[in-house]
Each structure stands twice: as structure tokens, then as C-alpha cells.
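Enquirer: Based on what follows, work out the 3D shape:
(one chain, ligands or ions: 2)
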Amino acid sequence: MSAPRRLEVNEVWKSYGGDLYAVRDVSFVLEPGEFLTLLGPSGSGKTTTLMMIAGFETVSRGSIRIDGRDIADQSPEHRNFGIVFQGYALFPHMNVAENVAFPLRMKGMGKRERLIKAAEMLEKVGLEGFAQRRPHELSGGQQQRVALSRALVFDPDALLLDEPLGALDRKLREQLQIEIKELQKRIGISVLLVTHDQEEAMMMSDRIAVMADGGIVQMGTPADVYLHPATPFVAGFLGETNFLPGLCQGASEGYVSVKFRNGEIGRARPPRFGGVPATGDKALVSIRPERVRILKPGETMDSVIEGRVVSGTFLGRHARYIVEAEGQQVVVSTTEWSEATAVPPGTAVRLGWSSDDAQSLADVKV
Ligand code: ADP
Ligand code: MG
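Expert: Ligands and ions are numbered 1, 2, ... in the order given. Below is the predicted model of the structure:
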């Protein structure tokens, strides 16, 4: 394996005509050996971004560079990317070994050498016994492993994956997520993945770039974007959260104080961008259900609000309470649940959280 390269996407825009932009001002760097995911809902510009990198779409504005060199004038065949796209199928008339060796044939490698390389690659994905099979004689998961082998066999600068596991059932998808991640670490390749599945993104990525309306809203490690979202969109797209609206009461010691609907005050981290809100500004605080606690009598935390339990449901791995507080329903998720300690509906409770687990949001429309 040759050393992976640095892929740089620099202020890239894409218009398919007119002044509607499918991709707007997207910039990021895929560092050598990194696993970066573009995560966003359908239509947010993920595939278009990948297509421009692969060279199947032109760039309207901006540049794409490999190790600092602009690749705008290189055709897709001359760019050195491994690609597994949705619907980018295996060749049905070729066996597995021929499929995997195909890119090497295109590069003019001799038959003997390319079949040796293909066999080595198939061994890495656990398909050494399948070289002579035709694609239709393989399961969906095996076909995706062959597609991955074909994308990796020629030492690409990076691997580009567009929803590669979308057609597989959940169990198989999770298994392949682990396999791909493991393979990526073992061979040290850079991966750029496109997905709308937040769990897949969390599970596989070193960093996630969250996309909406053609642009990147926030980029960071899975823990950073999950625990400290920048906007209501990011907070809501990456799993479940509670949104508590209120008015900013000032900032101190690196936190903001927010007065909620019932006049109680909670503390939260300041917004990720847009600056610290001024006193009296509208504020919106995001707190994950698993970061809010029902406090025991006498127990206290940085922020405490009062409420009343509406319902409690045991769900196996965790229990989920709905609590009426601050004029809305607050979801509390806990793994500390037993039949003896379950809090019955109608009970007056105090909810608490640590200031670091509450994130006030920017771009707030309340
Ligand atoms: P995603 O992969 O995030 O679902 P896409 O990149 O496929 O999003 O699409 C982004 C936007 O660009 C969408 O509004 C889509 O309708 C539009 N779009 C994509 N491909 C074309 C095309 N070939 N012609 C015109 N519009 C397109
Ligand atoms: Mg897409």
C-alpha cells in the first residue's frame, strides 16, 4: 500500500443551472488515513460533492486538490480514487477475481500479476474461496466486499463511499460497518463516506461533517457534534434531544444562564458560533435525554428545574420518562431503572443536568 494522500476541497460550489446551488461553499480536508463522513438528509448535496471529487461532475466554483495539486482537469479515470457508489454494480459476466482485477487491467497490468493482486485483496476481505464465483452466486454482503476489493486493489489515494450499505438489512449493515472500519485501519486508507444514517456516521467516522441545504453546518468528532451541536438542525438530526427555549440572563465562567418559561434558570454552554447572546436575547438550549437526571431527594446539580412525571416506560436497555416541565414535555432516559425505584406518573420531581451537557444553540428561530 502506498501512502495515502491529503484531499482538500476548497470553497466548492455546484450549480446544475441557474442560481440554485446543490453545493454551496463546501470546504474540508480529508487527512491521510482519516475516516471522514458527510452526513445529512436527502438532497443536502452529499452525492454531488462526492461526484465532483470523483470527477463525474464539474465544479462550478472552487478547487479540489490532492497533496496541493488541483485535479480539475483530470478525467475520472485519471483520478486515483476507489469508488463504491449506490448502484455502482459488479460486472455480472465476470467472476469475482476478474471483477476485482478489472481496474488493474484498465491500468495495463499483466494478467498474472493482476490476478495475484486480486487474490491478495480478496484474502483481506475474507473472500479467498470465492474467486471463481459469479456476482449472482454471492450474498448482498459478499457482493459489497467484492465491490470494496475492486475499489481498493489499485492503491487509491482515497476511498469514496456513497451509501454503500443502504440496500442491506440492519444486522448485515452493522457487521459490514465494523468490517470496513477494521479494514480501513489495517490498510491505512483515507475514506470519505456519504450517508444519511447518523448511527452509521457515529460508528465509523473519525470526523463528521453535517450537511444541510448544500452546505456544511458543523464538522467535528462524533462526540463533539453529538454532545455540542451548533444549531437546532444538527441537534435534532443526530439523535433525540430536548429543546428548552428561554431568554439569556447573562454569561459567566464560560457558561450562559437561561431563564426558561416558568422562570427557572439553567446553565448551558454558549453557542458554537455567532458569539455569546446578550442578556434578554432569545435562547434555545439542547439537552440529550440521557444527560438529564431525575434527582433524588436532597440531591442537587448545576441546573435544576421542577416537573411532574407523565409516564415512564422500561425499554430494556434503558427506561424513558416523559416529564412535564417548563410548560413542555422533557424526555429523560436512564439506564438506572428497577421495578422498585421506578417513579410513578403524577410524581413531582426535580430534573437536573451538568452545565457541560446543556448546549445553547446558534441560528435559533424561536
Ligand atoms: P444527497 O446526496 O445529499 O441526497 P444530492 O447531491 O444528490 O443530495 O442532491 C443535492 C441537490 O441537487 C438536490 O436538490 C438535487 O435535486 C439536486 N441535483 C442532484 N443532481 C442533479 C442533477 N443532475 N441535475 C439537477 N439537479 C440535481
Ligand atoms: Mg445521495
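Enquirer: Give me the nearest residue to Gln74, chain neighbours excluded.
Expert: Gly55 (6.3 Å; CB to CB, 6 or more residues apart in numbering). Where C-beta positions appear, they are placed from N, C-alpha and C, glycine not excepted.
Enquirer: pretty sure Ala251 contacts Val276?
Expert: Yes: counting by CB atoms under 8 Å, Val276 is a contact partner of Ala251 at 4.8 Å.
Enquirer: Mutual contacts of these two, please.
Expert: Pro270 (CB atoms under 8 Å, 6 or more residues apart in numbering).
Enquirer: Who are the contact partners of the residue most central in space within the chain?
Expert: Centroid check for the chain by CA atoms, centre = their mean gives Ala201 as the closest residue, at 3.2 Å. Ala201 makes contacts with 37, 39, 193, 195, 208, 222, as judged by CB under 8 Å, 6+ apart.
Enquirer: one more time with 10 Å, if that's ok
Expert: 36-40, 193-195, 207-210, 222, 225-226, 237-238 (CB atoms under 10 Å, 6 or more residues apart in numbering).
Enquirer: now swap in Gln74 and tell me
Expert: 55, 64, 66, 80.
Enquirer: Farthest pair within these?
Expert: By the measure CB to CB, Ile64 and Asn80 form the most distant pair in the contacts of Gln74, at 12.9 Å.
Enquirer: residues from this structure in reach of ligand 1?
Expert: 16, 22, 40, 42-48 (CB under 6 Å from any ligand atom).
Enquirer: Map the structural domains onto the sequence of the chain.
Expert: By the assignment in automatic domain parsing, the chain contains the domains 7-227, 232-360.
Enquirer: Let's have these in TSV, adding mean pLDDT.
Expert: TSV is the format used below for the domains of the chain (pLDDT from 0 to 100):
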stretch	mean pLDDT
domain 7-227	94
domain 232-360	95
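Enquirer: and the residues of the chain next to ligand 1, which are buried?
Expert: 22, 40, 44-48 (16 or more other CB atoms under 10 Å).
Enquirer: Okay, strands next: where are they in the stretch 1-150 of the chain?
Expert: 7-15, 21-30, 35-39, 61-66, 69-70, 81-84 (DSSP state E, counting those that start in this stretch).
Enquirer: Of all those strands, which one comes closest to Lys111?
Expert: That would be strand 81-84 among the strands of the stretch 1-150 of the chain, by CB to CB, at 21.3 Å.
Enquirer: helices and strands around the closest one, which ones?
Expert: When contacts are defined as 3 or more CB pairs under 10 Å, 6 or more residues apart in numbering; DSSP states H and E, strand 81-84 packs onto helix 46-54, helix 140-152, strand 158-162, strand 191-195.
Enquirer: switch the cut-off to 8 Å
Expert: helix 46-54, helix 140-152, strand 158-162 (3 or more CB pairs under 8 Å, 6 or more residues apart in numbering; DSSP states H and E).
Enquirer: What sits closest to Gly126 if chain neighbours are left out?
Expert: Arg145 (7.1 Å).
Enquirer: Ok, Ile83 next?
Expert: Leu160 (5.0 Å).
Enquirer: Quick check: bridge partners of that neighbour?
Expert: Note on Leu160: beta-bridge partners by DSSP bridges are Ile83, Leu192.
Enquirer: Run a quick neighbour tally on it.
Expert: 26 (other CB atoms under 10 Å).
Enquirer: Please report how far the residue in the stretch 251-366 of the chain that ligand 1 sits nearest to lies from Gly55.
Expert: Here the residue of the stretch 251-366 of the chain nearest ligand 1 is Asp363; by CB to the nearest ligand atom that distance is 19.8 Å. To Gly55, Asp363 is 34 Å away according to CB to CB, to the nearest Å.
Enquirer: Compare these two and say which one has the larger neighbour count.
Expert: Legend: neighbour count by other CB under 10 Å for Asp363 and Gly55, higher for Gly55 (19 against 15).
Enquirer: Could you check how many residues crowd around Ala358?
Expert: 24.
Enquirer: quick one: the nearest residue to it once chain neighbours are set aside and Ile178, what's the gap?
Expert: Of all residues not flanking Ala358 in the chain, Ala268 sits nearest, at 3.6 Å (CB to CB, 6+ apart). If you measure Ala268 against Ile178 using CB to CB, the figure is 35 Å.
Enquirer: related to what we said a few turns ago, turn the contacts of Gln74 into JSON lines, including distance to Pro297.
Expert: Formatted as JSON lines, the contacts of Gln74 follow (distance: CB to CB, whole Å):
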{"residue": "Gly55", "distance to Pro297": "64"}
{"residue": "Ile64", "distance to Pro297": "60"}
{"residue": "Ile66", "distance to Pro297": "62"}
{"residue": "Asn80", "distance to Pro297": "64"}
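Enquirer: and of those residues, the nearest to Val100?
Expert: Nearest to Val100 among the contacts of Gln74, with distances taken as CB to CB, is Asn80, at 16.8 Å.
Enquirer: And the closest one, how far from Lys181?
Expert: Taken as CB to CB, the span from Asn80 to Lys181 is 22 Å.
Enquirer: can you check Leu192 too?
Expert: For Leu192 relative to Lys181 (CB to CB), the value is 14 Å.
Enquirer: more crowded one of those two?
Expert: Taking other CB under 10 Å, Leu192 and Lys181 do not tie; Leu192 has more neighbours (25 against 15).
Enquirer: highest average neighbour count across the helices and strands packed on strand 81-84?
Expert: strand 158-162 (a mean of 24; mean count of other CB atoms under 10 Å).
Enquirer: immediately after that one, which helix or strand?
Expert: helix 170-187 (DSSP states H and E).
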